[in-house]
Structure formats: structure tokens, C-alpha cells
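In: Need a 3D model of the sequence below.
(chains A and B)
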Amino acid sequence: MSEETITQLLTKWSSGDEEAAERVLPLIYEELRRIASRQLRREREAHTLQATAIVHEAYMRLVGQAGLEWPSRSHFFAFSAHLIRRILVDHARRRNRAKRGGLSEKITLLEMADPAVEKSPDLEALDEALAGLEKVDPRKATIVELKFFGGLTLDEIAGQLGVSVETVSREWRRARAWLYSRLQTNPMNGA
Amino acid sequence: MDPERWRDVDRLFEEALDRPPAERPAFLAVACAGDTALRRQVERLLAADQDGSRFLADMPGELLELALDDREEGGRLGPYRLVRKIGSGGMGTVYLARREDEHYQRDVAIKVLRSGLASTESYHRFIAERQILARLEHPNIARLYDGGSTEDGRPYLIMELIDGLPVDQYCDRHRLTVDQRLALFQKICAAVQHAHQNLLVHRDLKPANILVTPEGEPKLLDFGIAKRLAPEPDGAVQQTRTGLRMMTPSYASPEQVRGDAITTASDVYSLGVLLAELLAGRTPFLATTDVPYEIERAICEQEAERPSIALFRHGPPSAEDIAQARKTRPQTLRHRLQGDLDNIVLMALRKEARRRYGSAAALGRDLEKHLQDLPVMARPDTLRYRTRKLLRRHRTAASATAVVIVLMAVFVASLVAQGRQLAQERDKARYALSFLVDTFKQADPYHTQGERLTAREILDQGAGRISRQLSGQPDVEAAMMDAIGEVNLGLGRYDEAEPLLKRSLALRRRIFGPHSLEVAESLEHLAGLRNERSDRAGAEAHLREALAIRRRRQGDGDLAVATTLNALGRTLADKGVSPAAAPEIAALHQEALAIARGVEGPGGLTVADTLLALADLRRAQGDYAGAEHLFQEGLAVEQKALGDRDPRLWRDRSRLGDTLIEAGKFKEAEAVFRQCLEVQRKLLGREHPDVASALGGLAAAIHVQTRYAEAETLEREMLALARSQYGPTHWRVATAMCDLAASLTGQSRIDEAIPLYQDALKIRRRALGEKHWQVAQILLFLAEAYRHEKKYSKALGLARQARDVFAAGEGPDHPYVAHALREIGRNYLEQSRFAEAEPFLRRCLDIRQKKLEPHHPDLAKAQLSLAKCLIGQGRDIEAEPLLRAARTTFIAVYGPSHEILGQTDTLLAEIESRRDKTKVATGRSNRLDPR
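Out: Now for the predicted structure:
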């Protein structure tokens, strides 16, 4: 898949073509994957994947380098963050289904051994809670998506949303507390 | 959620966050203005803000990696098509792949290195794995066929596809027995050994990495983080300390957790964890938490728990379920694990790597030895141990058993003699002796019912041979005699035990002198024999002599003195606790208590034992409330010292149950016995004497609640058990007969009851003589039975006889005397000889008022009988308050619908109706028909 195609689709999308967005999604997905893979090989010792790095690189490659007039950087970031959310949640859903189905999914070494993974929230439950938040307070939901799934800093988010860092920080804190309380009361969640 | 509502909540939440925590409650109280739901929501968010400050802080990159890797499915690698993902390991993802070309078709497993791990270290390790695995050829290790790289440069391995279950699941699903599990585990050991010989440590042995095929062959997978032992120029050093992050914590050895050098011993350790799980269904460490750090600390610091004990750790799964998956019962499984298997697991799990088995093969060999009943390495090679092995090896061959055990006894004896000559090692001799006792106790019919005859032969032959063999070693001979005598005693073979114990005592007196501790020990054992034969005077004399020796040799403050004091106190109490005798007995136990507290502190076992002895004394004196209190105190100490799972605790708890019955607390007693039974059956199996005792107690508790038919069933079971275990004339058989007869009497089946009582009486008379309270007890039971048959003169004679025995032995105010008095009174009562009944019933009531608590059912029964007697004499006014008092007690004890309450109410109604008639027909003379 050539980058031109992606660029073209992105251009269409940026000018309001929703169908272009549908078609560009799998392409960006692939691109994100490829970027992730490369980054991982570069990050020799700390083989952890930073969502933020992926999103930034994808933006640079797909938008910046292509010389594309991307009307809203925030649009792209939000889109990428949303994509990463989908990737993760789909994966979590598959895993959860396997667990619930009683399939003896082999516990991976890394997952057992790594507290970060152990402590990570139940993404499926988080996704549902976030969907609830979207309905009543879309801005908070966006902040969470950008911050957690997109890996953006509060500064960047403030820039994207055109509000003060102070506001983002305060909203983020309240959104986090709300999600936390939702996931705590949900017995299915492992967080 | 309603957006408007959300805005309110969010706004208040924000405003609350702006305030210092201390001011928030006051703020919310005002701001929420009585909307408690609103307030609760905000409070919850404030709490979440506090607790969840790290929530969503970082998105773990690994999650994203794993998610991205998912896309591999359906793709192709060289000639292979990835069919589906079958697992993801630390090094990558494993796929089921199929090769399909015109020549052949085959399924393989392909492991693709995870993109995220393409770092130098992982990469080299992965390459190493390919090289090493290619060298490994073993039927129990998954084969490596080939390797390669994906287009984007990720290495992959093509491996044998194993269709199997993780070993733990396999064993449980097929309900493999312990032996079958061991056989499987030995194959695993051999495979690990093979890898070790190829300079390869697995480092991550766990059930998920050991699959078992449908044919039952274990296959080791995932030498994924294997470390090569041979130094390699490329990156070998780096690899030394990298195991931890990759390791599954529960199976990691202390050195892995600490990040120290990993050797083959680390695999031995992991095998130990696996073995513990396969055997007992539980990890050897009490995982109180899922937090990896805590697990790691437990691995480094906590002592591994013996599988035989871990089995009973609080489930799920329950010990029952675990045993079932091994086709056995928890108790049998525990016995199977105790000893060798416990020791083997613990040796594999030692914290210091060099003190474990030197290799996986050594571990496997030790299991082999265990299976063949040869001595295993995992245990100090004591004399006692080696010979016990010898015995066990031949135990099943019934015909040979006796010969072998005798040979063994001689063998031990000669070793003892040798040891003594060579180094005068008394400890060694002790070992050998306790071994002998243990050995014979294994042949004890409680444990191996079917082998009783053999055991008896063994003992007789053993005794004879030892005496011939050891005549030149009088001290050893004496010790052997003592040991075999003790075992005979335990088997209830008093006639065989006596000459042995006596001879031992005589020998020891001669060798060690009359004031030696050896003599004291023999005296104590002989006293045990006397006690069993109810020769209290003889026992008392021996114990007093032993006590004097111990006081002189060990000083007044020694724990052994306390133990002997208690034994003496118990013996005296068995003689009788008349008011004259009781103070001395109490003083003996009090002295023991002071010694024990001095030596052990307040929580020692001897302290507990002494408190229980004091409780028994109170109970024998008829002070049931005092006894109950002391039992509770003693049991609390015991429970603290022993924990909940010690059979001794439950044996003693059932004694509390006996006391509760006598205290009239029938329902409490029933509950205590039921609980004891449940736990004891789990701990001891169904046929242990302690279980039989608790069963008897339960039957009694049910009997006194007048549920006779229910009691009868249990009592028949008891009687059969007692006969089979102790022979037809044992005192326990007599007790069981009495209990059953009493339940039959309760159901008015007197014809069946009387012969049972008579048989029991014969047994007790022979064992205890005429003047014993237990004999008198049966006389009283018989009296009751004859009264039911209206054979009053016979009944009266027996009841009087019983009263005299009780009064002489236990003192005139003892509750037993009251029982006899009431029986006498009832005989007169039923013949309408009211005036003659009255003094007996009054005296009965007096004693019971003095001795029993106000709501004891026996007190109420005395009141009822006396009331009947008074009514019979036309003295309604005196009878009425007695009836009312009895009524209250009956309701409390037996409930509102019991027959005895009906009797009471009928009598009260009659009194009232007579009173009314008297009022109506004033002036008429008081003419009352007593009937």
C-alpha cells in the first residue's frame, strides 16, 4: 500500500469525506503496526512500546513528510489514539473471551512476570466506561483517549484542544477518578 | 447517566477537589443540601481520586505489542500457513502451522519471536535456542525441525507440534494416582537431565511448559529462555542475570528471584515446586497475595510447606477434591505423602542451591528408591529410618511379615549393641528403640486392621528372639523388653505386656540402680499397665516410686516431674474422688501446673494437659460448671499451641462434649461432638479410636435428648466397632453395650436391653471388681429396666446396691448417689407407696440442688418425681411450685412439645381442677384420690 494512497485518503477525510475515513483506517492500522515494530527493534534494552512515539512518528510520516496540509493535527492524533484504543480493546476482548470460555490460554511469561501488565486495567471494561463518559462529557473522554491511548502529554492535549493545561489537568483528574470508581465497582474488572 | 446530573456531580466534585480534604465533608453537607445520592456519588469520586492516582498513568507498551502481534494469524511463513495462534510465550507467539505441498502435509508449531523482543539480548538468546534445541534429541523434549527469519527479519522456529495438556491438568483429568504421577514426573526429570547434559538450563519449568500427550508421554516445551552453561564468546555473560523478568514467579528459585547466577539446581528447584503441586495439589508456599514482590519474598524467606500439610490448607480446591483427583481419600493421601515424599520435595526446594539434589537425575533416582521402598537420600540416613524401610518393603507380603520384622528387630538390637560397644552411644540406642516402637505401632490393629494376627505373632516371636539374642546385653535387652511391652500394652494384650515390662524393670534396677531414670520410666510404663487393668493401687505405688526418683534425679522443677504428677493424679482420680481424696489429687495437678508454667510459660502443652486433668477431676467430683470452665481454658491453650489441625486437640474437645452432657447442655454437646467427628474423620480416617469415642459421645448427646431411635443406630455402629477393634471383653465394649441398652430401654424394648446390661456387667465386674462406680452404674441401669417390667423388688435391690457403692466411693453427696436415690424413689412411687418414696426423692433433690446448676434437667426431674410423690399424699400446695420450676427447665432443655412436659402440665392441670372443685364444694371434706 503506497503512502500516497493514505495521504490522499487523509486529505479526503480532512475535507469531510467520512467514507475516506473508513477506508484509511485499516491502512493507518498497518502503518502504526509497522512503526511499532521498527521502534521496538530500535529500543534495544527498554523493549517497551510507547504509544506516544508511535502516534508522533505516524503523524510525521503520513502527514508531515508528505507535505500534506493537514488542517488539524489534533484530528489526526485523536484519530490515531482512537485506533490504538480499538486495537487494544479488540485484543483484550479476544483474550477475555478465551479466558471466560475456559480455554487454557497459556499464561505468557512476560505477562506473569511484568507487574505493569498485571496492574493494567481491564481494557474491555475501561472501554465500556469510556463510552459512557463520551455520552455525558465528550471532552473528558477525548482527554482520556489522547492521554492514555495516544500517549500525549497534558501540554500537547491542551494544544490540541485549545484550552489551558490547567483545565486539561483538572479534567483529566476528574475523568480518571470517575473511570476508576466505575471499574472498581465492576466485579469483572481486574484492575 | 443523565448529562445534567453528571454536570452537577462533576461541578461539585471539582469544587470539592479545590478544597483541603478536611473541609470537604462540611462543604458537601451544605452543597448537596440533603440530596444524599448526589453526596454519595461525589464522595465516591473523591475516594477514587485518592485511591486511583496511579490509574491510567501509563499504558503498558507490552499490551500494544501483544495486540499488534495478533495480526500474524492467517499469514504464511515459507512453506507453512499459520493456522491459528496456540499461545504466546515470553519470547514470542506460537502458531499452529500447516505445510501443504504436493509431497506431504504436516502440522507443526511455529514460534515467531515477538517484535518487541528483537533486542540484542533476546535475539541472541533466541538464536542460541535454535542451536541448542537442534542438538537436543529426547523422546520427552519437543523436537526442533527448522528455523528461519520472516520477511521483516524476525526469527522463528519450527517445532514438533504437541497435542497435549499441561501436566497438572493431565494428571487431574485422568485422576492419576500418586504412583502414576511419580512415574510421569520421573520421565520429566530424565528429560531435564538430558537438557542439562547438553549444557542447557530450562529456567522456566512449569506445567504450561510440560505437556502430556494422549499417550501419556510428557513433552518439555519452551527452552525459550534457556541459558547455555558453556561459556560462549557472544553475550553469554549478559545472559546470566536476566532470568527473573522472564520467570514465572511461583516456580522461580530464590537465586532466580534475587538475580543470582542460575544453574541446573534452579531447574531442580522448579521441579520440586512442580512435584509438590502434582502430589498435594498446592504450591509449597502460602501465597497470601498475587503481588509478584510478595511471592518473591516468600520464595526467598518462607520455608516450604510439607505437601502432606499443604494438602489441608484452606481450599479451594478442598483436600477432598485433591485426594479424589488422585483416586484416594485425604487421610490416605496424607499418609502417602508423609515421610519420603515430603522430604524429597523439601530437599528439592532448599534455599541453598548446593544443598538440593545435585541433578534432576538424582531427584528422579530418589523417587525411584522411594517407589521401591529403598531408603531415599532426602533424609538423614538414620538407623531407625533404614530399618523402617526394610519393614515397609516387606509389609505387604503377609506371610513373610512376621519373620522379617523379627529379623529386623534382631538387626536393630545388634546394631544397638554394636553402637554401644563402639562408642557407647546411648542416643543411637534410643533411636533404635523408638524405631521399634514405631514399627510395632504400625502393626497396631487401629491402623492395619487386617494384620492383627500377624502383628501379634511378630510381637511374640520378637520378644522371644530378642531375649535370646541379647542376653549378653542386659541394658539393651531391658530397653527392648520395655519397648515390646509398651506395644503389647497399646494392643490391649495385658498378659503379654506384663512379664516384659516387669522383666525390663528388674533388669534396669540391677543395671542402672534402683533410683535411675530408666527405672522411673519402666515404673511409669508398668503403671500404665496397672491402670489399664484397673489396678489403681498398683499403678499408684509405681507412680509414687517413679515420682520420688524423678524428684531426686531431676529436681522439683522438671517437666518430667509434672508429667508424672499428672499421671499419678489421674490414677488417684480413677480410684475415686471422694471428698477425702480430692484435695490431694487437686494438689498434685496444681503442683504440675506450677512446674509446667515455670518451664513452658502459660501456653505450653503440659500446661494444657494439666488444666484438662483438673477439668476431669472437677467433672468426676460432679462440678460440671467448673469442669466446663477448665476444659475451655485448657483447650484454648492447646489450640494455640497445636493449631486447629492437631488430632489431640479434637480428642480433648470431645471430652468437653462429655462434660456438657453432664452439665445438661445437650444441644451444645451434640454440636461439639458433630464438629469433632467431622474434623477427626478428616484427620484420622473413620476407624480411629478417637473417632469412635466422638461417635459414642454424639450417640450419648442424642440419647439424652431422648431421640432414642437415632441414638440406637449410632450405638450399634459403635458396638460393632469396639468389638472388632478391641475384642469381645474390652471395657469399651461394655460401655457400648450399656449405651445401646439405654436407648433400647428408652424405646421400651426392655427384653433386648436387659441381656446387654448383664453382659456389660460381667465384663466390668471382671475388670473392675464389685465396688467400682462403673459397675454400680450398670446395676442402676438394670434397676431401671426391671422397674419398667414392674419387677419392683428386684429393681429396688439393685438400686440400693448401686447407691451404697456410689456413696462409699464417690461420697454421699455425689450426683451419682442422687441418681440411685431417684431410682429407689420411683420404684416406690410406681407402687403408690408415696410416704416411703418421699425421703429418697427429697434427698435426691437436695443433692441435685447443691451440685447442679439451677436449670439442669436432672434437677427438674427430681422436682417432678417429688411433686408426684407429694400429690399422691394430697399435698398439692407443696407440689405445685416444684412442678412450675421443673416445667420452666423442661421447656428450656427439651423444647415445648416433649412428653415429659406433657406429664408436668397434666399434673398441674389436675391440681388446678381440684382447687376449683374445692372452691365450688366448700365445706366438703378434702377427699382426694391420689390416682
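In: what stretches of chain A score poorly on pLDDT?
Out: A:1-76, A:87, A:91-92, A:94-121, A:185-191 (pLDDT under 70).
In: Repeat the analysis, applying 50 as the threshold.
Out: Applying pLDDT under 50 to chain A picks out residues A:1-4, A:41-49, A:65, A:100-119, A:187-191.
In: What lies in contact with stretch B:743-757?
Out: Under the criterion CB atoms under 8 Å, 6 or more residues apart in numbering or on different chains, residues B:699, B:703, B:706, B:708-709, B:711-712, B:715, B:737-738, B:740-742, B:778, B:781-782, B:784-786, B:788-789 lie in contact with stretch B:743-757. In this view, the C-beta of every residue, glycine as well, is placed from N, C-alpha and C.
In: Inside helices: which ones of these?
Out: B:699, B:703, B:708-709, B:711-712, B:715, B:737-738, B:740-742, B:778, B:781-782, B:784-786, B:788 (DSSP state H).
In: still on that earlier bit, now the buried members of the contacts of stretch B:743-757.
Out: B:699, B:703, B:706, B:708, B:711-712, B:715, B:737-738, B:740-742, B:778, B:781-782, B:784-786, B:788 (16 or more other CB atoms under 10 Å in any protein chain shown).
In: isn't B:Leu46 right up against B:Phe13?
Out: Yes: if you go by CB atoms under 8 Å, B:Leu46 and B:Phe13 touch, sitting 7.1 Å apart.
In: who's more crowded, these two?
Out: Just comparing B:Leu46 and B:Phe13: by other CB atoms under 10 Å in any protein chain shown the higher neighbour count belongs to B:Phe13, 23 against 20.
In: so what's the backbone phi/psi at that one?
Out: Main-chain torsions, B:Phe13, degrees, to the nearest 10: phi -60, psi -50.
In: List the contacts of it.
Out: A:174, A:177, B:42, B:45-46.
In: change it to 6 Å
Out: Contacts for B:Phe13 (CB atoms under 6 Å, 6 or more residues apart in numbering or on different chains) come out as A:174, B:42, B:45.
In: Take these and keep only those in helices.
Out: Assigned to helices by DSSP H, the following of the contacts of B:Phe13 qualify: A:174, B:42, B:45.
In: Next, format those as CSV and append neighbour count.
Out: Formatted as CSV, the ones in helices among the contacts of B:Phe13 follow (neighbours: other CB atoms under 10 Å in any protein chain shown):
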residue, neighbour count
A:Arg174, 22
B:Val42, 26
B:Leu45, 23
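In: How many residues are close by the residue nearest to A:Arg173 when sequence neighbours are not counted?
Out: Computed as CB to CB, 6 or more residues apart in numbering or on different chains, the closest residue to A:Arg173 that is not its neighbour in sequence is B:Asp49, at 6.7 Å. Neighbours of B:Asp49 under the rule other CB under 10 Å: 20.
In: host element of B:Asp49?
Out: Assigned by DSSP states H and E, B:Asp49 falls within helix B:36-51.
In: picking that back up, how about the ones in helices among the contacts of B:Phe13 in a markdown table, adding distance to B:Leu829?
Out: Conversion of the ones in helices among the contacts of B:Phe13 to a markdown table gives the following (distance: CB to CB, whole Å):
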| residue | distance to B:Leu829 |
| --- | --- |
| A:Arg174 | 86 |
| B:Val42 | 78 |
| B:Leu45 | 79 |
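In: now, among the residues you listed, which is nearest to B:Pro166?
Out: B:Leu45 (43.3 Å; CB to CB).
In: Where does pLDDT dip in the stretch 101-250 of chain B?
Out: Looking at the stretch 101-250 of chain B by pLDDT under 50, you get B:116-118, B:224-247.
In: and if we set it to 90?
Out: Within the stretch 101-250 of chain B, the stretches with pLDDT under 90 are B:101-139, B:141-165, B:194-209, B:220-250.
In: all strands of it, in order?
Out: B:105-113, B:144-149, B:155-159, B:165-166, B:200-201, B:210-212, B:218-220, B:227-228 (DSSP state E, counting those that start in this stretch).
In: Can you list the strands that the fourth one pairs with?
Out: Right, the one you point to is strand B:165-166. The pairing partners recorded for strand B:165-166 under DSSP bridges are strand B:210-212 (antiparallel).
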